[in-house]
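In: test case, fold it:
(2 chains)
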Protein chains: 2
Amino acid sequence: MLDKKYLYTPGPTPIPPQVTAAMARPMIGHRGQEFAGLHGEIVEKAKVIFQTTNDLYVLTTSGTGGLETAIANTVTPGDRVLALVTGNFGERFAKLASTYGGLVTKLEFPWGTTINMEQVDEVWKAKGPFKLVLATHNETSTGVTNDIAALGEYFANTESLLLVDAVSSMGAMDIRTDEWHVDIMVTGSQKALMLPPGLALISVSPKAWPIIEANSGVRFYFSLLEARKSFDQCNTPWTPAVALFYGLDAALDLILAEGLDNVFQRHARMAAAVRAGARALGLGLLADDSVASHTVTAVLPDLDIGTDTLSKILQEDMGVMFAGGQGQLRGRLLRIGHMGYCSELDVLMAIAALEMALYKAGIAIDLGAGVKAAEALLCIPEA
Amino acid sequence: MLDKKYLYTPGPTPIPPQVTAAMARPMIGHRGQEFAGLHGEIVEKAKVIFQTTNDLYVLTTSGTGGLETAIANTVTPGDRVLALVTGNFGERFAKLASTYGGLVTKLEFPWGTTINMEQVDEVWKAKGPFKLVLATHNETSTGVTNDIAALGEYFANTESLLLVDAVSSMGAMDIRTDEWHVDIMVTGSQKALMLPPGLALISVSPKAWPIIEANSGVRFYFSLLEARKSFDQCNTPWTPAVALFYGLDAALDLILAEGLDNVFQRHARMAAAVRAGARALGLGLLADDSVASHTVTAVLPDLDIGTDTLSKILQEDMGVMFAGGQGQLRGRLLRIGHMGYCSELDVLMAIAALEMALYKAGIAIDLGAGVKAAEALLCIPEA
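Out: Presented below is the predicted three-dimensional model:
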């Protein structure tokens, strides 16, 4: 078989050649003016995508490192934390807070559903206040998007800080950091930002700074105070991943050149097309349309064969990589990523691969039905 | 729209990342041992793909330069040449022979059909002998493949040299240079060899060398005698395109790693899938199945709208590039390339794009029907 791979995992995602080329630029010292200029420009562009005027830092770490930065700088042992958990990454955020000594109240929602504001209100009234509220914007493990605007509105007039994981949605979905009153927003490089893994981006609100300044927890590499101090000279406290910064600059240029609204609309259409395709093949979908993620779709085939069999056919016969289920959904889900350097045509290819894998696995499906349904949806002119 | 392109022209073709990476290796002097070693290995690998033990040279020029090399070294003004023309590239080969002073007898076959051996026999008997016979293996302008084996058998016991243009098929189709008695075989880098344009490969039989040695036409850069002399030291007479040589080495490795039979079968299946898809959409095909190229398919939509309208939608709405018709078929053909770094899934994407373009152009088609037919064909296990 031709050695050609098609990456549809919800991170990492395909890298545009413009980004790969940028990353191949000659190395420069990270304490010089050239890096400072690059760094400053990157932060300004990233703020456009975060829709924020807050401070923003680019950290040389993974998305999890970005979340740890959020926690390490705000959780002092004994602090009361409300963790809103809608899946595996919500779990991880909660675990980070516990690790740093937070007294975590976990409010869990069934996998595939979203944060329910009535329950949040009940918990707040029964057990609040909390110093920190943790939420996931786009839960990668289940393919749902939580309504951060509603959360932000609820907590805006409280003392609580709202910390949001937007690792798998920033750069693909309309995320209004400031309008939604998000105090700390975190994303990673290897998702909709179209980069290899290795960078996290984090924004910090004026409301969050006094908490960070007063924090007495252990932190060194992840210190936001150090990040702020260094950024006064457009510098970073520790050695930055310079090639990834080059790539990030190029990726942000691509996003801004396409236009944020166009980027958001493309992702919405891709998600709708995948869902239409899966439905036409008779496959279940974990999330309801109303809360479905625009960047990752969790297909619940509910077949006699496990998803591992399908994944094996997809990979070995076609070079196609989807993700499987995590945690309680291991072996039952196929998660199809459609974000970043992914077009409507790429989504049709993913559906074609899926239906051929089902057919090859002996499942009685109407070959071509998935693509047909997705094409029909994509042929509707953009709004 | 996302800035992402899908290249389905019958050359240039997409470049594998392994090849791009190889081309980025540091430059080396082309008169040193390292280049000589690389060059020697490339030629040995290329001979496997040419299925030849003849001499073989890698020229820094385009495919047309490779064809000119074939002509410039064999045509002495006044030589009698039989040019078998099945399309635009057959025309070009004939024109090259005229340009070098050959007395060319053109035997033309209707576009979309192949060389008819009975007519060849008639012309030979009526007007032969000819010093040179020119043929195109795979006519890129019409998507037909000529039976070079039959031609070779016919001319093997004559004094004629058989010169074959395999620019758009070498590395994708089963081409038996020696078994088919081809004296000079030419290909280019930007087709099934998965490289950017810039190199031509040419093989020369023992029967051809005395003709080349006796040739008194004008040639300098394209001299095969110079190429042979330099190759005695694994060198090239003039400066070679070193980065393309790096890339060629990597591309040949990919082809040999996949296995020639697998490569040939993949291309045959891709061609069959495109044809099944086009037929299911009610579109005409220029070539009969029995002579259809495995690397490029000429679709003859025969619609009220011109192919330019479809090409515009494909490019502007989807980033998809097909080729149009050439010469007498300008404005009437869509030529879909499916060669080299192209998989069965890529072909499904091409068909999906085509049917969406037709739909968007207002043509009454059964959306999804093309992909369905192609998928059905591709789900048949390989022989």
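In: contacts only, for the residue in the stretch 101-250 of chain A that chain B sits nearest to.
Out: Nearest residue of the stretch 101-250 of chain A to chain B (C-beta to the nearest C-beta) works out as A:Met194 at 9.9 Å. (C-beta placed from N, C-alpha, C; glycine too.) Each residue near A:Met194 by C-beta atoms under 8 Å, 6 or more residues apart in numbering or on different chains is listed here: A:13-16, A:19, A:171, A:251, A:254-255, A:340-341.
In: got the residues of the stretch 251-383 of chain A near chain B?
Out: A:254, A:257-258, A:262, A:266, A:318-320, A:341-346, A:348-349, A:352-353, A:355-356, A:359-360, A:367-369, A:371-373, A:375-376, A:378-379 (C-beta under 8 Å from any C-beta of the partner chain).
In: give me the buried entries from those residues.
Out: A:254, A:266, A:318-320, A:341-346, A:348-349, A:352-353, A:355-356, A:359-360, A:367-369, A:371-373, A:375-376, A:378 (16 or more other C-beta atoms under 10 Å in any protein chain shown).
In: helices - which of these land there?
Out: Judged by DSSP state H, helices contain the following of those: A:254, A:266, A:318, A:344-346, A:348-349, A:352-353, A:355-356, A:359-360, A:369, A:371-373, A:375-376, A:378.
In: using the three-state scheme, assign the residue of the stretch 101-250 of chain A closest to chain B.
Out: Under DSSP: H, G, I helix; E, B strand; the rest coil, A:Met194 falls in the coil class.
In: pLDDT score for it?
Out: pLDDT for A:Met194: 98.
In: over to A:Ala383?
Out: 58.
In: A:Val81 in helix, strand or coil?
Out: A:Val81 is classified as strand under three-state DSSP.
In: spit out the contact partners of the residue lying closest to it once chain neighbours are set aside.
Out: Counting by C-beta to C-beta, 6 or more residues apart in numbering or on different chains, A:Gly102 is the residue found nearest to A:Val81 once chain neighbours are left out, at 4.1 Å. If you count contacts by C-beta under 8 Å, 6+ apart, A:Gly102 has them with A:71, A:75, A:77-81, A:132.
In: ok, A:Leu67 next?
Out: So A:Leu67 contacts A:92-93, A:96, A:165, A:167, A:186, A:200 (C-beta under 8 Å, 6+ apart).
In: narrow those residues to those in helices?
Out: A:92-93, A:96.
In: so A:Glu258 touches A:Ser343, yeah?
Out: No - shown here, A:Glu258 and A:Ser343 do not form a contact pair, counting by C-beta atoms under 8 Å, at 11.0 Å.
In: pLDDT weak spots in the stretch 251-383 of chain A?
Out: Residue ranges of the stretch 251-383 of chain A with pLDDT under 70: A:382-383.
In: distance of A:Leu56 from chain B?
Out: 24 Å (C-beta to the nearest C-beta, to the nearest Å).
In: how about A:Arg335?
Out: In terms of C-beta to the nearest C-beta, A:Arg335 sits 19 Å off from chain B.
In: for the helix or strand harbouring that residue, give me every contacting residue.
Out: In the assignment (DSSP states H and E), A:Arg335 maps to strand A:334-337. Strand A:334-337 has contacts (C-beta under 8 Å, 6+ apart) with A:7-11, A:13, A:140-141, A:143, A:274, A:295-299, A:301, A:307, A:310-311, A:322-325, A:350, A:354.
In: just the residues you listed: which are in strands?
Out: The strands, defined by DSSP state E, take in A:7, A:296-299, A:323-324 from these.
In: quick one on the thing from earlier: are any of the contacts of A:Gly102 buried, and if so which?
Out: Among the contacts of A:Gly102, those buried by neighbour count (16+ other C-beta under 10 Å) are A:71, A:75, A:79-81, A:132.
In: just the closest of these to B:Leu281, please.
Out: Using C-beta to C-beta, A:Ile71 is the member of those that sits closest to B:Leu281, with 55.3 Å.
In: any idea how far A:Ser62 is from the closest residue in space to that closest one that isn't next to it in sequence?
Out: Spatial nearest neighbour of A:Ile71, chain neighbours left out: A:Leu96 (4.4 Å); criterion: C-beta to C-beta, 6+ apart. In this view, A:Leu96 and A:Ser62 are 13 Å apart by C-beta to C-beta, to the nearest Å.
In: looking at the two, which one has more neighbours?
Out: Set A:Leu96 next to A:Ser62 and count neighbours by other C-beta atoms under 10 Å in any protein chain shown: A:Leu96 wins out with 24 against 17.
In: adding pLDDT and distance to A:Leu281, write the contacts of A:Gly102 out as a markdown table.
Out: As requested, those are exported to a markdown table (pLDDT from 0 to 100; distance: C-beta to C-beta, whole Å):
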| residue | pLDDT | distance to A:Leu281 |
| --- | --- | --- |
| A:Ile71 | 98 | 41 |
| A:Val75 | 97 | 45 |
| A:Pro77 | 96 | 51 |
| A:Gly78 | 97 | 51 |
| A:Asp79 | 97 | 47 |
| A:Arg80 | 98 | 46 |
| A:Val81 | 98 | 42 |
| A:Leu132 | 98 | 42 |
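In: does A:Gln18 touch A:Ile255 like I think?
Out: No - the pair A:Gln18 / A:Ile255 is not scored as a contact, 11.4 Å apart, by C-beta under 8 Å.
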